[in-house]
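Colleague: have a look; sequence and predicted model below, questions after that.
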Amino acid sequence: MRFSTTALAYLASALLSVLAPQAAQAGITAFSGSSCDGDVGLNVPCDGSCHKFDERHSFRVDSGTGDHCVTVFEGPGCPSGGPGFFLPHQTGQCQNVNTGTNVRSFTCSKDSACLQLG
């Protein structure tokens, strides 16, 4: 069985990409309980996008992925210019979200300075 140079180069490249360490992509998971317990939501990317938080009371950013900031909003859809509450330095610990109001949406970013929307 003979392999062409192109086929061997492709196989070597594929093997190196599998063996090389990958940068950790953070995610965030919300929970219905106030101590990261109860019903578990989806693990969504911590990339600055807006996500629903209805019926959730705590969250955890994936550990080992560095420092992140979560901003929670009273309104749905992460309203630009709307009231938000910054929760900086999230690194894998459970965070109870008791802001005195119902939290309806959130963003998470790889940014210890907490990105402002709008």
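Modeller: Looks like it came in fine. Numbers count the residues shown, from 1 in each chain.
Colleague: quick one: low-confidence residue ranges for this protein.
Modeller: Applying pLDDT under 70 to the chain flags residues 1-25, 112-113, 115-118.
Colleague: cutoff 50 now
Modeller: 1, 3, 7-23, 118 (pLDDT under 50).
Colleague: strands of that one, start to end?
Modeller: 27-31, 40-45, 50-52, 58-61, 68-73, 84-90, 94-96, 105-109 (DSSP state E).
Colleague: for stretch 52-69, buried residues please.
Modeller: Within stretch 52-69, the residues that count as buried by 16 or more other Cβ atoms under 10 Å are 52-53, 56-62, 65-66, 68-69. All C-beta spots, glycine's among them, are computed from the backbone N, C-alpha and C.
Colleague: one more: stretch 68-78?
Modeller: Under 16+ other Cβ under 10 Å, the buried positions of stretch 68-78 are 68-74, 78.
Colleague: separation between Gln93 and Arg104?
Modeller: 23 Å (Cβ to Cβ, to the nearest Å).
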